[in-house]
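*Asks:* build me a structure from this.
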Amino acid sequence: GQRTDRGRRRIVSFAAFVIGLAVGLPLTAAAVALGRRASLVDRPGTIKIHRTPVPHTGGAAIVATIAVSAVVFETPTWLLLAAVLTWAIGLADDIRGLSAWQKLVALALPVGLVSAGSDLGWATGTLAVVAGLVLVNAFQVTDGLDGLAAGVALPPFIVLAAQSPLGATAAISAGATIAFLVFNLPPARIFLGDEGSLLIGVLLWACFVSLVADQPAPNALALTFLLWAFPLVNLLFVLGARLRGHRPILAGDRSHLYDVLHRRLGLKRTLMTCWSLAGLFAILAATIER
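*Replies:* Numbering: from 1, shown residues only. Predicted structure coming up:
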């Protein structure tokens, strides 16, 4: 019955998590070495507070883990394509520096693939593309402190691993994210880069859309907010700060919620606060009836 299918799905998700972690650890170590050798590094700057150049190749390790794990688990072709495209867009941004509008237009393709692959229909699919672009970018801008973005992504991935039809992909992503965190905890030896933060955002969005498409619910809006609570709160906070300061909305600065917490609490307490908030909201999302 339905309970048996759910139990089987969770067993598969656990196996996928273990494989994602086991594959992700050596691939992340390789990405550190590759980033240094190829000079694919994020250098300190005005709004970049790290002290030495750090490889921004974390996304390469995660997308490679997804691709390798797809050999074992049935990963839809459209999802693999969306993941690779998102990683490539982020890599281009890391290397060449795309404008905010160029990046937004480019991301419409992988986010559109998620909507098309989930069979949402034209009207719902169009709304999903708009929502996906907002949420993927909301997650991307959380990547401003060592360990923050990956730690915030883990609780939603765990919830989606247990409940989404793409649970195996969510579980693999969770394993790969923990593997990345091993090297990203302060002081970080590798960064996600835009290639990684955008990739995680698209993976979260794909697993979430699959869940909502499989089990349509009137509380989907509440579920969306709970799984993206910290990125959305941070996005609203920084938009408010920039509007009050009459600064460009799309320009980078250190006015994020996590920046304010960092200045007041220090890095360790800020990470624990943000991770805890993401975990609490994910637990609430897991309790929503569907």
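*Asks:* check which helix or strand the residue nearest to R242 when sequence neighbours are not counted maps to.
*Replies:* Computed as Cβ to Cβ, 6 or more residues apart in numbering, the closest residue to R242 that is not its neighbour in sequence is I249, at 5.5 Å. In this view, the C-beta of every residue, glycine as well, is placed from N, C-alpha and C. Following DSSP states H and E, one finds I249 outside all helices and strands.
*Asks:* for stretch 52-71, measure first residue to last.
*Replies:* 37 Å (Cα to Cα, to the nearest Å).
*Asks:* what about it, average pLDDT?
*Replies:* Mean pLDDT, stretch 52-71: 93.
*Asks:* quick one: low-confidence residue ranges for the stretch 1-150 of the chain.
*Replies:* For the stretch 1-150 of the chain, the stretches with pLDDT under 70 are 1-6, 45-50.
*Asks:* apply 80 and report the result again.
*Replies:* Within the stretch 1-150 of the chain, the set of residues satisfying pLDDT under 80 comprises 1-10, 44-51.
*Asks:* at which residues are the helices of it located?
*Replies:* 2-37, 58-69, 77-96, 100-117, 122-140, 148-163 (DSSP state H, counting those that start in this stretch).
*Asks:* just the CA coordinates of the last one, formatted as PDB?
*Replies:* Translated: helix 148-163. Only the C-alpha atoms of helix 148-163 are listed here, as PDB (Å, rounded to 0.1, in the frame of the first residue of the first chain):
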ATOM      1  CA  LEU A 148      26.300  29.100   5.700                       C
ATOM      2  CA  ALA A 149      24.600  28.200   2.400                       C
ATOM      3  CA  ALA A 150      25.300  24.500   2.600                       C
ATOM      4  CA  GLY A 151      24.200  24.300   6.200                       C
ATOM      5  CA  VAL A 152      21.000  26.100   5.400                       C
ATOM      6  CA  ALA A 153      20.300  23.800   2.500                       C
ATOM      7  CA  LEU A 154      20.600  20.500   4.500                       C
ATOM      8  CA  PRO A 155      17.300  20.600   6.400                       C
ATOM      9  CA  PRO A 156      15.100  21.200   3.300                       C
ATOM     10  CA  PHE A 157      17.000  18.500   1.400                       C
ATOM     11  CA  ILE A 158      16.400  16.000   4.300                       C
ATOM     12  CA  VAL A 159      12.700  16.800   4.300                       C
ATOM     13  CA  LEU A 160      12.500  16.400   0.500                       C
ATOM     14  CA  ALA A 161      14.500  13.200   0.600                       C
ATOM     15  CA  ALA A 162      11.800  11.700   2.800                       C
ATOM     16  CA  GLN A 163       8.700  13.100   1.000                       C
END
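*Asks:* what residues sit buried inside the next helix or strand after it?
*Replies:* Remark: after helix 148-163, the chain's next helix or strand is helix 167-184, criterion DSSP H and E. The neighbour-count check on helix 167-184 (16 or more other Cβ atoms under 10 Å) flags 167-181, 183-184 as buried.
*Asks:* what does stretch 55-65 give?
*Replies:* 55-65.
*Asks:* stretch 166-176 - what's its average pLDDT?
*Replies:* Stretch 166-176 comes out at a mean pLDDT of 95.
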